[in-house]
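Chemist: The sequence and its predicted three-dimensional model are supplied below.
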Amino acid sequence: MEPWRSFYVPFFETADDAEQFIAACEPKALPDIAAKIIMHQAQRLVSISDDLPQIRPHQEPLRLLFLLMCAENVSKLQQGFTGEGQSRAHVRRFFSQFLCQADRDSISNGFTDNNHHLLPALGFDRAVDLLYDLRCDVVHEGNYSDFAFHDSTMPMVNTNPNVITEIRLGDVRSIVVRGCIAAAETRL
């Protein structure tokens, strides 16, 4: 059950609950092995994100890239999508279909437009698009150092994009993992 157990236990009320989730996903066989693949891919991609500070410290957009790759991949697997492209649509789908309301609220309130800091947070759709745009900046421009998430002490002011980040990258990580669990459960 390792490494799945150590990865998933923090996201369940008990270790037994996590083990039941893993056991339910594992024996899936053809024709529908989507839950198993989702469970494995989520652990792999999020773990890569977790390992990146060892080789690229303080490069949060690079870590975010792997979290959004995970979200996109899981959305496609859950839907049975076999085509190419539609990355933004699948990232949007992941966040809108597999997050609980509390996690949706965290994303919605995670960013404030610095040009209009008296206005409320960006809201859910704009925040998801912001995360995807940061991913694109890494993939297409090689820019993985110009953005910072909340550092657990204070919000971070960013200039490109010009937003105040109220959410920690660790919170985004947890939201993505919980969304992956929800997506896998739809295929059990």
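Modeler: Cool, the structure landed. Here the structure is a predicted model, which is why all the values come from computation and not from measurement. Residues are numbered from 1 along each chain as shown.

Chemist: Check whether P10 sits in a helix, strand or coil.
Modeler: Of the three states, P10 takes helix under DSSP: H, G, I helix; E, B strand; the rest coil.

Chemist: how many neighbours does it have?
Modeler: 10 (other C-beta atoms under 10 Å). Just so you know, the C-beta spots here come from the backbone N, C-alpha and C atoms, and that holds for glycine as well.

Chemist: What separation do you get for it and C70?
Modeler: Distance of P10 to C70, computed by C-beta to C-beta, to the nearest Å: 16 Å.

Chemist: One more: M1?
Modeler: 20 Å.

Chemist: what residues are up against Y132?
Modeler: Counting by C-beta atoms under 8 Å, 6 or more residues apart in numbering, Y132 makes contact with L68, S87, R88, V91, R92.

Chemist: In ChimeraX, select just the buried ones from those residues.
Modeler: Per 16 or more other C-beta atoms under 10 Å, the buried members of the contacts of Y132 correspond to this ChimeraX selection:
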select :68,87,88,91,92
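
Chemist: Let's have the contacts of Y132 in a markdown table, adding pLDDT.
Modeler: What follows is these, written out as a markdown table (pLDDT from 0 to 100):
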| residue | pLDDT |
| --- | --- |
| L68 | 98 |
| S87 | 97 |
| R88 | 98 |
| V91 | 98 |
| R92 | 98 |
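
Chemist: Columns secondary structure on top of the contacts of Y132, output as a markdown table?
Modeler: Output for these, formatted as a markdown table (three-state DSSP):
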| residue | secondary structure |
| --- | --- |
| L68 | helix |
| S87 | helix |
| R88 | helix |
| V91 | helix |
| R92 | helix |
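
Chemist: For the contacts of Y132, which two are the farthest from each other?
Modeler: Using C-beta to C-beta, the contacts of Y132 span at most 10.9 Å, a distance reached by L68 and R92.

Chemist: Out of the contacts of Y132, which is nearest to S152?
Modeler: The closest of those to S152 turns out to be L68 (C-beta to C-beta; 21.5 Å).

Chemist: Just the buried positions in stretch 18-36, please.
Modeler: Residues of stretch 18-36 classed as buried by neighbour count (16+ other C-beta under 10 Å): A18, E19, F21, I22, C25, K28, I33, A34, A35, K36.
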